[in-house]
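**Student:** here is my input, please return the structure:
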Amino acid sequence: KDCLLFSEKSDMVKLTIKPEANQIIHRLQAHGFEAFAVGGCVRNALLGLCPHDWDICTNAKPEEMRAVFCDHVTHDFGLKHGTLVVMVGEEPYEVTTYRADEKEPWHYLWIGFEGALAERFSELPPVFADNMVLQRESEAAIWGKAEPGARVVITTTWSKDKTVAQADADGKWNASVATPSAGGPYEITFSDGEKTVLKNVLIGEVWICSGQSNMEMPMKGFAGQPTDGSAELIMGAKKSTLIRSCKVKRNPSFEVQYEGPATWYDHTPEGVAEASATAYFFAKRLYETLDIPIGIINVSWGGSTIEAWMSKELIGKEFDGCFKMDAHQTKQMPKNPHQTVALLYNGMLKPLVPFTAKGFIWYQGCSNTKRHEQYKRLQPSFVRMLRDAWNNAEMPFYFTQIAPYMYKNPDDREAGFFMWAQAQ
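**Tutor:** The predicted structure follows:
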(Lines give C-alpha, C1' and ligand atoms only; values in the text may rest on other atoms or scores of the structure.)
Protein backbone atom coordinates (compact mmCIF):
# COMPACT_ATOMS: atom_id res chain seq x y z
CA LYS A 1 0.00 0.00 0.00
CA ASP A 2 2.80 2.41 0.90
CA CYS A 3 6.26 3.05 -0.44
CA LEU A 4 9.28 4.61 1.25
CA LEU A 5 11.48 7.18 -0.50
CA PHE A 6 14.98 8.05 0.69
CA SER A 7 16.81 11.29 -0.09
CA GLU A 8 20.58 11.74 -0.13
CA LYS A 9 20.32 12.81 3.52
CA SER A 10 18.60 9.51 4.37
CA ASP A 11 15.34 11.24 5.26
CA MET A 12 12.38 8.94 4.82
CA VAL A 13 9.01 9.87 3.32
CA LYS A 14 5.98 7.57 3.17
CA LEU A 15 3.69 7.86 0.15
CA THR A 16 0.39 6.06 -0.37
CA ILE A 17 0.12 4.58 -3.85
CA LYS A 18 -3.17 4.30 -5.72
CA PRO A 19 -4.40 0.67 -5.35
CA GLU A 20 -4.54 0.02 -9.11
CA ALA A 21 -0.96 1.26 -9.57
CA ASN A 22 0.12 -0.79 -6.57
CA GLN A 23 -1.51 -3.85 -8.15
CA ILE A 24 0.71 -3.42 -11.22
CA ILE A 25 3.85 -2.93 -9.12
CA HIS A 26 3.15 -6.01 -7.00
CA ARG A 27 2.37 -8.13 -10.07
CA LEU A 28 5.74 -7.22 -11.62
CA GLN A 29 7.57 -7.85 -8.34
CA ALA A 30 5.83 -11.20 -7.91
CA HIS A 31 7.29 -12.21 -11.30
CA GLY A 32 10.81 -11.28 -10.18
CA PHE A 33 11.04 -7.80 -11.70
CA GLU A 34 11.73 -4.45 -10.07
CA ALA A 35 8.97 -1.84 -10.25
CA PHE A 36 8.64 1.72 -8.96
CA ALA A 37 6.26 4.67 -9.14
CA VAL A 38 8.09 7.52 -10.88
CA GLY A 39 7.77 11.03 -12.26
CA GLY A 40 5.06 13.59 -11.63
CA CYS A 41 3.06 11.36 -9.26
CA VAL A 42 6.01 11.22 -6.86
CA ARG A 43 6.65 14.95 -7.17
CA ASN A 44 3.00 15.81 -6.50
CA ALA A 45 2.82 13.44 -3.54
CA LEU A 46 5.94 15.01 -2.02
CA LEU A 47 4.36 18.43 -2.46
CA GLY A 48 1.25 17.27 -0.64
CA LEU A 49 -0.84 17.33 -3.81
CA CYS A 50 -3.12 14.59 -5.10
CA PRO A 51 -1.39 12.66 -7.92
CA HIS A 52 -3.66 11.95 -10.87
CA ASP A 53 -1.41 9.91 -13.15
CA TRP A 54 0.69 7.07 -11.75
CA ASP A 55 3.57 6.17 -14.05
CA ILE A 56 5.57 3.04 -13.35
CA CYS A 57 9.08 2.00 -14.37
CA THR A 58 10.54 -1.51 -14.32
CA ASN A 59 13.48 -3.55 -15.49
CA ALA A 60 11.06 -5.80 -17.40
CA LYS A 61 11.15 -5.29 -21.15
CA PRO A 62 7.89 -4.72 -23.06
CA GLU A 63 7.55 -8.33 -24.21
CA GLU A 64 8.10 -9.48 -20.60
CA MET A 65 5.50 -7.00 -19.35
CA ARG A 66 3.01 -8.28 -21.90
CA ALA A 67 3.51 -11.81 -20.59
CA VAL A 68 3.07 -10.67 -16.99
CA PHE A 69 -0.19 -8.90 -17.84
CA CYS A 70 -1.51 -11.47 -20.29
CA ASP A 71 -4.88 -11.36 -18.52
CA HIS A 72 -5.16 -7.56 -18.96
CA VAL A 73 -5.91 -5.44 -21.99
CA THR A 74 -2.66 -3.79 -23.10
CA HIS A 75 -1.81 -1.21 -25.75
CA ASP A 76 1.46 -0.62 -27.63
CA PHE A 77 1.03 3.16 -28.05
CA GLY A 78 4.46 3.96 -26.57
CA LEU A 79 6.31 0.81 -27.49
CA LYS A 80 9.08 2.63 -29.38
CA HIS A 81 9.95 4.32 -26.07
CA GLY A 82 9.76 1.08 -24.08
CA THR A 83 6.27 1.84 -22.73
CA LEU A 84 3.37 -0.59 -22.51
CA VAL A 85 -0.06 0.73 -21.52
CA VAL A 86 -1.78 -1.66 -19.08
CA MET A 87 -5.51 -1.30 -18.53
CA VAL A 88 -6.80 -1.88 -15.00
CA GLY A 89 -10.54 -1.76 -15.47
CA GLU A 90 -11.17 1.43 -17.47
CA GLU A 91 -7.94 3.11 -16.34
CA PRO A 92 -4.73 3.16 -18.41
CA TYR A 93 -1.33 2.92 -16.68
CA GLU A 94 1.94 3.52 -18.50
CA VAL A 95 4.65 1.01 -17.59
CA THR A 96 8.08 1.83 -18.98
CA THR A 97 11.35 -0.06 -19.10
CA TYR A 98 14.32 1.69 -17.51
CA ARG A 99 16.12 3.82 -20.07
CA ALA A 100 18.76 6.54 -20.13
CA ASP A 101 19.05 7.42 -23.80
CA GLU A 102 18.32 6.04 -27.25
CA LYS A 103 21.71 4.35 -27.54
CA GLU A 104 21.34 2.49 -24.23
CA PRO A 105 17.57 2.20 -23.85
CA TRP A 106 17.49 -0.32 -21.02
CA HIS A 107 19.60 1.43 -18.38
CA TYR A 108 18.49 3.18 -15.21
CA LEU A 109 17.45 6.80 -15.41
CA TRP A 110 17.83 8.67 -12.11
CA ILE A 111 15.88 11.90 -11.77
CA GLY A 112 16.44 14.60 -9.15
CA PHE A 113 13.37 16.23 -7.60
CA GLU A 114 15.09 19.14 -5.84
CA GLY A 115 14.28 21.64 -8.60
CA ALA A 116 10.63 20.70 -8.81
CA LEU A 117 10.24 20.85 -5.03
CA ALA A 118 11.90 24.25 -4.81
CA GLU A 119 9.53 25.69 -7.42
CA ARG A 120 6.42 24.95 -5.37
CA PHE A 121 4.56 27.89 -6.89
CA SER A 122 4.69 26.44 -10.39
CA GLU A 123 1.78 24.14 -9.49
CA LEU A 124 -0.79 25.65 -11.79
CA PRO A 125 -3.73 23.37 -12.62
CA PRO A 126 -2.81 21.35 -15.73
CA VAL A 127 -5.46 23.15 -17.80
CA PHE A 128 -3.13 26.19 -17.66
CA ALA A 129 -0.13 25.18 -19.74
CA ASP A 130 1.92 25.90 -22.85
CA ASN A 131 -0.12 25.83 -26.09
CA MET A 132 -3.39 26.74 -24.39
CA VAL A 133 -6.06 29.11 -25.72
CA LEU A 134 -7.77 31.80 -23.63
CA GLN A 135 -11.18 33.27 -24.43
CA ARG A 136 -10.93 36.54 -26.37
CA GLU A 137 -12.29 39.86 -25.12
CA SER A 138 -12.94 38.53 -21.65
CA GLU A 139 -11.77 38.67 -18.07
CA ALA A 140 -10.19 35.22 -18.30
CA ALA A 141 -10.24 33.32 -15.02
CA ILE A 142 -6.86 31.98 -13.86
CA TRP A 143 -6.08 30.26 -10.57
CA GLY A 144 -3.38 28.27 -8.86
CA LYS A 145 -1.49 27.57 -5.64
CA ALA A 146 1.35 29.34 -3.89
CA GLU A 147 2.67 29.62 -0.36
CA PRO A 148 -0.11 30.86 2.00
CA GLY A 149 -0.23 34.64 1.92
CA ALA A 150 2.05 34.91 -1.12
CA ARG A 151 1.59 37.82 -3.52
CA VAL A 152 1.33 36.49 -7.07
CA VAL A 153 2.05 38.89 -9.94
CA ILE A 154 0.75 38.00 -13.41
CA THR A 155 2.06 39.72 -16.54
CA THR A 156 1.39 39.05 -20.21
CA THR A 157 3.10 39.95 -23.47
CA TRP A 158 -0.15 41.32 -24.94
CA SER A 159 -0.51 44.01 -22.27
CA LYS A 160 1.60 46.24 -20.05
CA ASP A 161 -0.85 45.81 -17.19
CA LYS A 162 -0.09 43.68 -14.17
CA THR A 163 -2.57 41.54 -12.26
CA VAL A 164 -1.93 40.81 -8.60
CA ALA A 165 -3.51 37.97 -6.60
CA GLN A 166 -3.13 37.03 -2.93
CA ALA A 167 -2.92 33.38 -1.87
CA ASP A 168 -5.29 32.48 0.96
CA ALA A 169 -4.53 30.43 4.07
CA ASP A 170 -4.65 27.25 1.99
CA GLY A 171 -2.33 28.69 -0.63
CA LYS A 172 -5.05 29.06 -3.26
CA TRP A 173 -5.34 32.20 -5.36
CA ASN A 174 -7.70 33.41 -8.07
CA ALA A 175 -7.35 36.14 -10.66
CA SER A 176 -8.85 37.42 -13.90
CA VAL A 177 -6.79 38.71 -16.80
CA ALA A 178 -8.18 40.96 -19.54
CA THR A 179 -7.66 39.44 -22.99
CA PRO A 180 -7.51 41.19 -26.40
CA SER A 181 -9.65 40.53 -29.47
CA ALA A 182 -7.60 37.58 -30.80
CA GLY A 183 -4.05 36.68 -31.68
CA GLY A 184 -0.80 35.21 -30.45
CA PRO A 185 1.34 33.45 -29.70
CA TYR A 186 1.85 35.17 -26.35
CA GLU A 187 3.46 34.43 -23.01
CA ILE A 188 2.07 34.66 -19.48
CA THR A 189 4.43 35.03 -16.51
CA PHE A 190 3.52 34.21 -12.91
CA SER A 191 5.83 35.32 -10.12
CA ASP A 192 5.86 35.17 -6.34
CA GLY A 193 9.65 35.39 -6.27
CA GLU A 194 10.01 32.34 -8.49
CA LYS A 195 8.84 32.69 -12.09
CA THR A 196 6.69 30.35 -14.12
CA VAL A 197 6.20 31.19 -17.81
CA LEU A 198 3.49 29.76 -20.06
CA LYS A 199 4.49 29.94 -23.72
CA ASN A 200 2.80 29.70 -27.09
CA VAL A 201 -0.53 30.93 -25.69
CA LEU A 202 -3.25 31.97 -28.14
CA ILE A 203 -6.27 34.22 -27.68
CA GLY A 204 -9.46 33.23 -29.50
CA GLU A 205 -12.55 31.16 -28.79
CA VAL A 206 -12.64 28.32 -26.28
CA TRP A 207 -15.26 25.56 -26.30
CA ILE A 208 -15.74 22.85 -23.67
CA CYS A 209 -16.65 19.57 -25.37
CA SER A 210 -18.17 16.72 -23.39
CA GLY A 211 -20.19 13.53 -23.70
CA GLN A 212 -19.59 9.84 -24.27
CA SER A 213 -17.78 7.88 -27.00
CA ASN A 214 -19.04 9.96 -29.91
CA MET A 215 -17.26 12.93 -28.33
CA GLU A 216 -14.35 10.98 -26.88
CA MET A 217 -13.37 9.24 -30.15
CA PRO A 218 -10.08 10.82 -31.26
CA MET A 219 -9.08 11.78 -34.77
CA LYS A 220 -6.78 8.75 -34.83
CA GLY A 221 -9.83 6.57 -34.10
CA PHE A 222 -10.21 3.66 -31.74
CA ALA A 223 -8.68 0.21 -32.30
CA GLY A 224 -10.27 -1.17 -35.46
CA GLN A 225 -12.47 1.94 -35.74
CA PRO A 226 -10.84 4.60 -37.94
CA THR A 227 -12.23 8.10 -38.20
CA ASP A 228 -13.39 8.89 -41.72
CA GLY A 229 -11.36 11.64 -43.40
CA SER A 230 -8.92 12.08 -40.53
CA ALA A 231 -5.73 10.59 -42.01
CA GLU A 232 -5.15 13.48 -44.43
CA LEU A 233 -5.83 16.07 -41.73
CA ILE A 234 -3.47 14.37 -39.28
CA MET A 235 -0.63 13.97 -41.78
CA GLY A 236 -1.08 17.50 -43.11
CA ALA A 237 -1.34 19.21 -39.71
CA LYS A 238 0.74 22.39 -39.44
CA LYS A 239 1.46 24.62 -36.47
CA SER A 240 0.39 27.59 -38.55
CA THR A 241 -3.22 26.38 -38.20
CA LEU A 242 -4.32 28.04 -34.97
CA ILE A 243 -6.40 25.22 -33.51
CA ARG A 244 -5.38 23.78 -30.16
CA SER A 245 -6.90 20.87 -28.27
CA CYS A 246 -6.85 19.96 -24.60
CA LYS A 247 -7.58 16.42 -23.43
CA VAL A 248 -8.81 15.84 -19.88
CA LYS A 249 -7.89 12.33 -18.78
CA ARG A 250 -10.36 9.96 -17.15
CA ASN A 251 -10.42 10.71 -13.44
CA PRO A 252 -13.52 9.59 -11.48
CA SER A 253 -13.70 10.82 -7.91
CA PHE A 254 -16.03 10.73 -4.91
CA GLU A 255 -14.76 14.16 -3.85
CA VAL A 256 -14.68 17.37 -5.83
CA GLN A 257 -11.14 17.85 -7.12
CA TYR A 258 -9.32 21.17 -7.26
CA GLU A 259 -7.60 20.15 -10.49
CA GLY A 260 -7.76 17.35 -13.03
CA PRO A 261 -5.20 15.73 -15.35
CA ALA A 262 -5.17 17.55 -18.69
CA THR A 263 -2.82 18.11 -21.64
CA TRP A 264 -2.84 20.88 -24.26
CA TYR A 265 -1.70 19.95 -27.78
CA ASP A 266 -0.34 22.17 -30.52
CA HIS A 267 -1.61 21.69 -34.08
CA THR A 268 0.88 19.00 -35.07
CA PRO A 269 0.20 15.52 -36.45
CA GLU A 270 0.63 14.14 -32.93
CA GLY A 271 -1.68 16.77 -31.46
CA VAL A 272 -4.42 16.47 -34.07
CA ALA A 273 -4.37 12.67 -33.73
CA GLU A 274 -5.24 13.00 -30.02
CA ALA A 275 -8.04 15.56 -30.52
CA SER A 276 -11.69 14.57 -30.24
CA ALA A 277 -12.86 14.10 -33.85
CA THR A 278 -16.25 15.71 -33.24
CA ALA A 279 -14.67 18.64 -31.42
CA TYR A 280 -11.92 19.01 -34.02
CA PHE A 281 -14.28 19.27 -36.99
CA PHE A 282 -16.37 21.74 -34.98
CA ALA A 283 -13.22 23.78 -34.29
CA LYS A 284 -12.10 23.55 -37.92
CA ARG A 285 -15.39 25.03 -39.13
CA LEU A 286 -15.14 27.86 -36.59
CA TYR A 287 -11.53 28.54 -37.49
CA GLU A 288 -12.28 28.73 -41.21
CA THR A 289 -15.32 30.94 -40.60
CA LEU A 290 -14.06 33.31 -37.90
CA ASP A 291 -10.36 33.34 -38.85
CA ILE A 292 -9.26 33.41 -35.20
CA PRO A 293 -7.57 30.85 -32.93
CA ILE A 294 -9.85 28.11 -31.56
CA GLY A 295 -9.32 26.02 -28.43
CA ILE A 296 -11.27 22.85 -27.64
CA ILE A 297 -11.24 21.17 -24.23
CA ASN A 298 -12.30 17.53 -24.49
CA VAL A 299 -13.74 16.19 -21.22
CA SER A 300 -15.57 12.97 -22.14
CA TRP A 301 -15.84 9.25 -21.37
CA GLY A 302 -17.28 6.57 -23.64
CA GLY A 303 -20.46 4.96 -22.32
CA SER A 304 -21.00 7.64 -19.67
CA THR A 305 -24.45 8.65 -18.48
CA ILE A 306 -25.50 12.25 -18.04
CA GLU A 307 -25.95 11.88 -14.27
CA ALA A 308 -22.23 11.01 -13.94
CA TRP A 309 -21.50 14.56 -15.18
CA MET A 310 -23.91 16.18 -12.70
CA SER A 311 -23.17 17.18 -9.11
CA LYS A 312 -24.32 15.03 -6.21
CA GLU A 313 -26.06 18.05 -4.70
CA LEU A 314 -28.07 18.73 -7.85
CA ILE A 315 -29.13 15.09 -8.20
CA GLY A 316 -30.17 15.01 -4.54
CA LYS A 317 -32.20 18.19 -4.92
CA GLU A 318 -33.96 17.60 -8.24
CA PHE A 319 -33.83 13.80 -8.68
CA ASP A 320 -33.97 12.49 -5.12
CA GLY A 321 -34.53 8.72 -5.09
CA CYS A 322 -34.04 8.31 -8.84
CA PHE A 323 -30.50 6.93 -8.68
CA LYS A 324 -28.60 4.44 -6.54
CA MET A 325 -26.15 6.21 -4.23
CA ASP A 326 -24.58 3.14 -2.59
CA ALA A 327 -21.12 3.85 -3.95
CA HIS A 328 -21.10 7.30 -2.38
CA GLN A 329 -21.84 5.75 1.01
CA THR A 330 -19.25 2.97 0.83
CA LYS A 331 -16.64 5.06 -1.06
CA GLN A 332 -15.77 1.93 -3.03
CA MET A 333 -15.06 2.80 -6.65
CA PRO A 334 -17.64 0.91 -8.78
CA LYS A 335 -16.83 -1.00 -11.94
CA ASN A 336 -18.81 1.58 -13.88
CA PRO A 337 -17.69 4.93 -12.46
CA HIS A 338 -18.67 6.59 -15.74
CA GLN A 339 -22.29 5.67 -15.03
CA THR A 340 -22.34 6.63 -11.36
CA VAL A 341 -23.79 9.92 -10.12
CA ALA A 342 -21.27 12.78 -9.87
CA LEU A 343 -18.03 10.79 -10.24
CA LEU A 344 -17.07 12.42 -13.55
CA TYR A 345 -18.37 15.80 -12.43
CA ASN A 346 -16.13 15.68 -9.35
CA GLY A 347 -12.93 14.52 -11.01
CA MET A 348 -13.14 15.85 -14.57
CA LEU A 349 -15.73 18.59 -15.11
CA LYS A 350 -15.72 20.59 -11.88
CA PRO A 351 -11.91 21.10 -11.98
CA LEU A 352 -12.43 23.13 -15.19
CA VAL A 353 -14.72 25.63 -13.43
CA PRO A 354 -14.49 28.56 -14.07
CA PHE A 355 -12.09 28.33 -17.07
CA THR A 356 -13.46 31.08 -19.30
CA ALA A 357 -15.05 29.70 -22.45
CA LYS A 358 -17.43 30.74 -25.21
CA GLY A 359 -19.73 27.75 -24.70
CA PHE A 360 -20.28 24.00 -24.57
CA ILE A 361 -20.89 21.27 -27.10
CA TRP A 362 -22.44 17.99 -25.91
CA TYR A 363 -22.69 14.60 -27.62
CA GLN A 364 -24.25 12.12 -25.22
CA GLY A 365 -27.38 10.08 -24.70
CA CYS A 366 -26.86 6.51 -25.92
CA SER A 367 -26.39 5.31 -22.34
CA ASN A 368 -29.62 7.03 -21.26
CA THR A 369 -31.91 5.87 -24.09
CA LYS A 370 -33.99 3.57 -21.88
CA ARG A 371 -34.88 6.56 -19.68
CA HIS A 372 -35.98 9.04 -22.33
CA GLU A 373 -38.78 10.53 -20.23
CA GLN A 374 -36.35 11.19 -17.40
CA TYR A 375 -33.87 12.75 -19.84
CA LYS A 376 -36.38 15.48 -20.61
CA ARG A 377 -35.64 16.73 -17.10
CA LEU A 378 -32.00 15.69 -16.83
CA GLN A 379 -30.58 17.60 -19.78
CA PRO A 380 -32.19 20.99 -18.96
CA SER A 381 -31.05 20.57 -15.36
CA PHE A 382 -27.53 19.76 -16.57
CA VAL A 383 -27.46 22.90 -18.74
CA ARG A 384 -28.62 25.08 -15.85
CA MET A 385 -25.89 23.59 -13.66
CA LEU A 386 -23.21 24.46 -16.23
CA ARG A 387 -24.44 28.00 -16.70
CA ASP A 388 -24.64 28.54 -12.94
CA ALA A 389 -21.13 27.16 -12.45
CA TRP A 390 -19.71 29.46 -15.13
CA ASN A 391 -21.88 32.35 -13.93
CA ASN A 392 -23.27 32.96 -17.41
CA ALA A 393 -27.01 32.41 -17.87
CA GLU A 394 -26.67 32.88 -21.65
CA MET A 395 -23.69 30.58 -22.23
CA PRO A 396 -24.29 28.67 -25.50
CA PHE A 397 -24.95 24.94 -25.22
CA TYR A 398 -25.09 22.97 -28.47
CA PHE A 399 -25.93 19.27 -28.50
CA THR A 400 -26.17 16.49 -31.07
CA GLN A 401 -29.37 14.51 -31.22
CA ILE A 402 -28.43 10.84 -31.29
CA ALA A 403 -29.39 8.87 -34.38
CA PRO A 404 -32.56 6.72 -34.10
CA TYR A 405 -30.38 3.62 -34.26
CA MET A 406 -31.84 0.17 -33.46
CA TYR A 407 -29.94 -0.61 -30.27
CA LYS A 408 -29.84 -4.41 -29.75
CA ASN A 409 -33.51 -4.95 -30.59
CA PRO A 410 -34.48 -4.07 -34.22
CA ASP A 411 -38.03 -3.35 -33.06
CA ASP A 412 -36.86 -1.10 -30.23
CA ARG A 413 -38.13 2.46 -30.69
CA GLU A 414 -36.45 3.90 -27.61
CA ALA A 415 -33.66 5.66 -29.51
CA GLY A 416 -36.24 7.42 -31.66
CA PHE A 417 -38.19 8.47 -28.58
CA PHE A 418 -34.95 9.64 -27.00
CA MET A 419 -34.04 11.79 -30.00
CA TRP A 420 -37.28 13.71 -29.52
CA ALA A 421 -36.78 13.82 -25.75
CA GLN A 422 -33.49 15.64 -26.36
CA ALA A 423 -35.24 18.24 -28.47
CA GLN A 424 -37.84 18.88 -25.78
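
**Student:** please make it C-alpha for all contacts and neighbour counts, starting now.
**Tutor:** Fine.

**Student:** select the longest strand from this structure.
**Tutor:** Criterion DSSP state E: the longest strand present in the chain is strand 195-211.

**Student:** partner strands of it, with direction?
**Tutor:** If you go by DSSP bridges, strand 195-211 pairs up with strand 133-135 (parallel), strand 183-191 (antiparallel), strand 294-300 (parallel), strand 359-363 (parallel).

**Student:** what is the least confident helix or strand in the chain?
**Tutor:** Taking mean pLDDT, DSSP states H and E as the measure, the chain has helix 114-118 as its least confident helix or strand, at a mean of 41.

**Student:** got the contact list for the residue nearest the centre of the chain?
**Tutor:** The residue lying closest to the centre of the chain (CA atoms, centre = their mean) is residue 248, at 1.4 Å. Going by CA atoms under 8 Å, 6 or more residues apart in numbering, residue 248 touches 260, 261, 262, 263, 297, 298, 299, 300, 348.

**Student:** how much space between it and residue 348?
**Tutor:** 7 Å (CA to CA, to the nearest Å).

**Student:** name the residues contacting each of the two.
**Tutor:** Common neighbours of residue 248 and residue 348 (CA under 8 Å, 6+ apart) are 260, 261, 299.

**Student:** which one of those is nearest to residue 392?
**Tutor:** Checking the shared contacts of residue 248 and residue 348 against residue 392 by CA to CA gives residue 299 as the nearest, at 19.7 Å.

**Student:** the closest one against residue 249, yeah?
**Tutor:** Yes. Contact criterion CA atoms under 8 Å: residue 299 and residue 249 qualify, at 7.4 Å.

**Student:** what touches both of the two?
**Tutor:** With CA under 8 Å, 6+ apart as the test, residue 299 and residue 249 both reach residue 348.

**Student:** the two: which has the busier surroundings?
**Tutor:** residue 299 (25 against 20; other CA atoms under 10 Å).

**Student:** picking up where we left off before, buried residues of the longest strand of the chain, list them for me.
**Tutor:** By 16 or more other CA atoms under 10 Å, the buried positions in strand 195-211 come out as 196-198, 200-211.

**Student:** quick one: mean pLDDT over stretch 209-217.
**Tutor:** Here stretch 209-217 scores 96 as its mean pLDDT.

**Student:** now the terminal residues of it, how far apart.
**Tutor:** Chord length of stretch 209-217, first to last residue, is 12 Å (CA to CA).

**Student:** then stretch 144-152?
**Tutor:** One end of stretch 144-152 to the other measures 10 Å (CA to CA).

**Student:** contacting residues around that stretch?
**Tutor:** 120-125, 164-174, 190-192.

**Student:** switch the cut-off to 7 Å
**Tutor:** 120-121, 123-125, 164-174, 190-192 (CA atoms under 7 Å, 6 or more residues apart in numbering).

**Student:** what of stretch 153-164?
**Tutor:** With CA under 7 Å, 6+ apart, stretch 153-164 has contacts from 151, 152, 165, 177, 186, 187, 188, 189, 190, 191, 192.

**Student:** if we use 8 Å, what do you get?
**Tutor:** 151-152, 165, 175-177, 179-180, 186-192.

**Student:** do the same with stretch 359-366
**Tutor:** Against stretch 359-366 from outside (CA under 8 Å, 6+ apart): 206-215, 303-306, 395-402, 415, 418.

**Student:** can you rerun that using 7 Å?
**Tutor:** 207-212, 214-215, 395-400, 402.

**Student:** next, residue 233: secondary structure please.
**Tutor:** Three-state call for residue 233 (DSSP: H, G, I helix; E, B strand; the rest coil): helix.

**Student:** neighbours around it, how many?
**Tutor:** Count around residue 233 with other CA under 10 Å applied: 14.

**Student:** give me the distance between it and residue 241.
**Tutor:** Taking CA to CA as the measure, residue 233 falls 11 Å from residue 241.

**Student:** what do you get for residue 348?
**Tutor:** Counting by CA to CA - residue 348 and residue 241 are separated by 28 Å.

**Student:** so for these two, which residue has more residues nearby?
**Tutor:** Higher neighbour count among residue 348 and residue 241: residue 348, with 28 against 17, using other CA under 10 Å.

**Student:** pretty sure the more buried one contacts residue 260?
**Tutor:** Yes. With contact defined as CA atoms under 7 Å, residue 348 reaches residue 260; the gap is 5.8 Å.

**Student:** on that earlier part again, pull the most distant pair out of the contacts of residue 248.
**Tutor:** So, those by CA to CA: farthest apart are 263 and 300, at 13.7 Å.

**Student:** the helices in this structure, which residues?
**Tutor:** Taking DSSP state H, the helices of the chain run over residues 19-30, 40-46, 62-68, 114-118, 213-216, 230-235, 269-274, 277-290, 312-318, 326-330, 343-344, 372-389, 414-423.

**Student:** brilliant, that's me finished.
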